[in-house]
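Asker: Next comes the sequence, and after it the predicted model I'd like to discuss.
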Amino acid sequence: MARLYIVRHGEPTGSWGVSHDPDPGLSDLGHQQAKTAGERLRLLTPKHIVTSPLRRARETSDPLVAMLGQQALVAPAVAEVPTPPGVAMEERGNWLRKMMAGNWDTVEPLLVEWRQAAIDYLLSVKEDTAIFSHYVLINTAVGAAIGDERVHCFAPVHASVTILDTNGRALSLVELGETGTSAIR
């Protein structure tokens, strides 16, 4: 049995289609959120650190990496949900809000494949691991754990820690991260 500490990245400096940076890092508040999450996770002593390749997730993992003296494994399987072909970056926010209002059986096949790959990756984790990722990925994991087919089943705030267990065959929810409203980017 492995425990997964899935952390939503801290507050970014920009958002899809709004900032001129396609891969924004963390704001000053985001860096503080990352430090706070790192301090909590340090006490939980994960054996490994995994991060999405996107800058805001990598920067959120940095304090824990420094505290534990580990390197983070960059895993594309825990990256942001992909934008389907034909959706312009400036339209991503609108597309994302519409997509999240539905169920997994109503989304494009590309997203169903992304979801399954993400779940398969989480199931493959063998030791307690801190995973720095994104809003939809966390919803995907929680939905799989509780049998909820909605794309959006809860609202984790920036740098919240959601805890799941995996036995290699199934995910089970231990604790939802802090919830609230935040911009979906």
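Answerer: Alright, I've got the coordinates.
Asker: contacts and neighbour counts: CA atoms only from here.
Answerer: Will do.
Asker: Under a three-state scheme, what state does the residue of the chain positioned farthest from its centre occupy?
Answerer: Going by Cα atoms, centre = their mean, the residue of the chain most distant from its centre is residue 86, 24.0 Å out. Three-state assignment for residue 86 (DSSP: H, G, I helix; E, B strand; the rest coil): coil.
Asker: Outside of the helix or strand where residue 43 lies itself, list whatever touches it.
Answerer: Following DSSP states H and E, the helix or strand that holds residue 43 is helix 28-44. Under the contact criterion Cα atoms under 8 Å, 6 or more residues apart in numbering, helix 28-44 has outside partners 5, 7, 9-12, 59-64, 67-68, 130, 158-161.
Asker: so of the residues you listed, which ones are in helices?
Answerer: Residues of the contacts of helix 28-44 located in helices (DSSP state H): 59, 60, 61, 62, 63, 64, 67, 68.
Asker: re the thing from before, contacts only, for the residue farthest from the centre of the chain.
Answerer: No contacts exist for residue 86 under Cα under 8 Å, 6+ apart.
Asker: and if you look at residue 7?
Answerer: Here residue 7 is in contact with 37, 130, 131, 132, 133, 134, 159, 160, 161, 162 (Cα under 8 Å, 6+ apart).
Asker: Next SSE downstream of the worst-scoring helix or strand of the chain on mean pLDDT?
Answerer: Least confident helix or strand, the chain: helix 92-100 with a mean of 92, by mean pLDDT, DSSP states H and E. Remark: after helix 92-100, the chain's next helix or strand is helix 109-124, criterion DSSP H and E.
Asker: Reformat the ones in helices among the contacts of helix 28-44 as JSON lines; add neighbour count and pLDDT.
Answerer: Formatted as JSON lines, the ones in helices among the contacts of helix 28-44 follow (neighbours: other Cα atoms under 10 Å; pLDDT from 0 to 100):
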{"residue": "59", "neighbour count": "22", "pLDDT": "98"}
{"residue": "60", "neighbour count": "32", "pLDDT": "98"}
{"residue": "61", "neighbour count": "30", "pLDDT": "98"}
{"residue": "62", "neighbour count": "19", "pLDDT": "98"}
{"residue": "63", "neighbour count": "22", "pLDDT": "98"}
{"residue": "64", "neighbour count": "26", "pLDDT": "98"}
{"residue": "67", "neighbour count": "13", "pLDDT": "97"}
{"residue": "68", "neighbour count": "16", "pLDDT": "97"}
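Asker: Redo those residues as a markdown table? Include distance to residue 21.
Answerer: Formatted as a markdown table, those follow (distance: Cα to Cα, whole Å):
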| residue | distance to residue 21 |
| --- | --- |
| 59 | 15 |
| 60 | 17 |
| 61 | 20 |
| 62 | 20 |
| 63 | 23 |
| 64 | 25 |
| 67 | 29 |
| 68 | 30 |
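Asker: hang on, the earlier thing: cross the contacts of residue 7 against strands and list the overlap.
Answerer: Among the contacts of residue 7, DSSP state E puts 130, 131, 132, 133, 161, 162 in strands.
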